[in-house]
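**Q** After the sequence you'll find the predicted model.
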Amino acid sequence: MHIVVCIKQVPDSAQIRVHPVTNTIMRQGVPTIINPYDLFALEEALRLRDKHGGEVTVLTMGPPMAEDSLRKALTFGADRAVLLTDRFFAGSDTLATSYALAAAIEKIGEVYGKPEIVFTGKQTIDGDTAQVGPGIAKRQSLLQLTYVSKIAELDLDGGKITVERRSEGGVQVLETKLPVLITMLEGTNDMRRGSMADALRAARSDLVIWSAKDAGIEDILKCGLRGSPTVVKRVFAPAARAEKAEQIEIRPAAIDTADALIETIFGTLPALETELVELHQTL
């Protein structure tokens, strides 16, 4: 079994700054980390490999400095790391990024074996669009399972996978055929501590570094700024709320404090009670 995990090196969210003129994220001088949501995808891929055998290839698109995140992934136990880097990728939005990554996954399949599963995190903390994973699935004609909270069963012989997917109404149990793209939710597992052997291997390993040409990308005009139709008109911080929180006092003699509190809240916000009743009736 071959699994590909797409990760992204992102600025530490606590220190993100936005350029006042271009409205793009300023990455210079800002510490970088592996996108936290991608770590849940990586750990799930490693667990499946440990249980069923096979290989895990980690893929990222970014500048040469993204090599740090790939080596970090190798210390966790990934078998191979591929860095897709080229000046043509600069300024890519989600459309251009999914195009380049899909081409790289196709090339990985030709060189190292077609992947049965492609993993991504549900989204990235610098963009928060959750569009790249589904975009790759569309371009690769992969069945997609988004917001997955648990891999319930993997049947390689039957070519099927069963997952639990979180939805607004609860949890969905879905079964589909392989190959498939899965976006993992946060909190679904705990990232392992890498072994000393994996840390030494990561330090010595030669990463696979591909340019746009190496990855078999045919149309450079679909990459970078030229292939990115997204336009950021304005970036601003939300205005602080003017109203203050209301303090609700409960009678000291109330026998059931919880009931009294609920009654007081519904008395203050009658529309909330109606919404909750309607929601309960639909479940």
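**A** That came through fine.
**Q** For the stretch 101-250 of the chain, give me the ranges with low pLDDT.
**A** Flagging of the stretch 101-250 of the chain using pLDDT under 70 yields the residue ranges 236-237, 248-250.
**Q** For it, just list every one of the helices.
**A** 132-140, 196-204 (DSSP state H, counting those that start in this stretch).
**Q** The ones you listed: which one's closest to Gln123?
**A** With CB to CB as the criterion, Gln123 lies closest to helix 132-140 of these, at 8.1 Å. The C-beta positions use only the backbone N, C-alpha and C, and glycine is treated the same way.
**Q** in the closest one, what counts as buried?
**A** 132-137, 139-140 (16 or more other CB atoms under 10 Å).
**Q** okay, now the nearest residue to Gln140 once chain neighbours are set aside: neighbour count?
**A** Spatially, and ignoring its direct neighbours in sequence, Gln140 is nearest to Ala102 (5.2 Å; CB to CB, 6 or more residues apart in numbering). The number of residues packed near Ala102 is 22, by other CB atoms under 10 Å.
**Q** what do you get for Thr188?
**A** Neighbour tally, Thr188, other CB under 10 Å: 17.
**Q** about what we covered before: adding distance to Arg226, write the helices of the stretch 101-250 of the chain out as a markdown table.
**A** Below are these laid out as a markdown table (distance: least, CB to CB, whole Å):
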| stretch | distance to Arg226 |
| --- | --- |
| helix 132-140 | 17 |
| helix 196-204 | 35 |
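**Q** out of these, which comes closest to Gln247?
**A** That would be helix 132-140 among the helices of the stretch 101-250 of the chain, by CB to CB, at 43.5 Å.
**Q** Report the buried residues of the longest strand along the chain.
**A** Using DSSP state E to assign secondary structure, the strand with the most residues in the chain is strand 143-155. Using 16+ other CB under 10 Å as the test for burial, strand 143-155 gives 144-151, 154.
**Q** Same question for stretch 68-76.
**A** Those would be 69-76, for stretch 68-76 by 16+ other CB under 10 Å.
**Q** what is the mean pLDDT for it?
**A** Mean pLDDT, stretch 68-76: 95.
**Q** so what strands line up beside the longest strand of the chain?
**A** Here strand 143-155 has these sheet partners by DSSP bridges: strand 160-167 (antiparallel), strand 180-184 (parallel).
**Q** Can I get the shortest one in PDB? Just the C-alpha atoms.
**A** Pointing back at strand 180-184 there. C-alpha atoms of strand 180-184 as PDB (Å, rounded to 0.1, in the frame of the first residue of the first chain):
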ATOM      1  CA  VAL A 180      -9.600   8.000  -2.200                       C
ATOM      2  CA  LEU A 181      -8.600  11.400  -0.800                       C
ATOM      3  CA  ILE A 182      -9.200  12.000   2.900                       C
ATOM      4  CA  THR A 183      -9.100  15.300   4.800                       C
ATOM      5  CA  MET A 184      -8.600  14.600   8.500                       C
END
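**Q** quick one, that strand and helix 132-140 angle?
**A** 180 degrees (axes from the mean of the first three to the mean of the last three CA atoms, to 10 degrees).
**Q** Ok, the longest one next?
**A** Taking the same axes, to 10 degrees, one finds strand 160-167 and helix 132-140 inclined to each other by 140 degrees.
**Q** Pull out the buried positions in strand 160-167.
**A** Neighbour-count burial for strand 160-167 [16+ other CB under 10 Å]: 161, 163-166.
**Q** just how off-centre is that strand within its chain?
**A** The chain centre lies 16 Å from the centre of strand 160-167; the measure is CA atoms, centre = their mean, to the nearest Å.
**Q** from here on, count from 668
**A** Done: numbering now begins at 668, and the last item shifts to strand 827-834.
**Q** Run through who's touching it.
**A** Identification of contacts with strand 827-834 by CB atoms under 8 Å, 6 or more residues apart in numbering yields 784, 812-822, 838-845, 847, 849, 852.
**Q** Find the centremost residue of this protein, please.
**A** With distances taken as CA atoms, centre = their mean, Gly788 lies nearest the centre of the chain, 2.0 Å away.
**Q** I'd like the distance between it and Glu942.
**A** Taking CB to CB, to the nearest Å as the measure, Gly788 falls 32 Å from Glu942.
**Q** how about the strands in the stretch 718-867 of the chain?
**A** For the stretch 718-867 of the chain, applying DSSP state E, counting those that start in this stretch gives strands covering 722-728, 747-751, 784-788, 810-822, 827-834, 837-844, 847-851.
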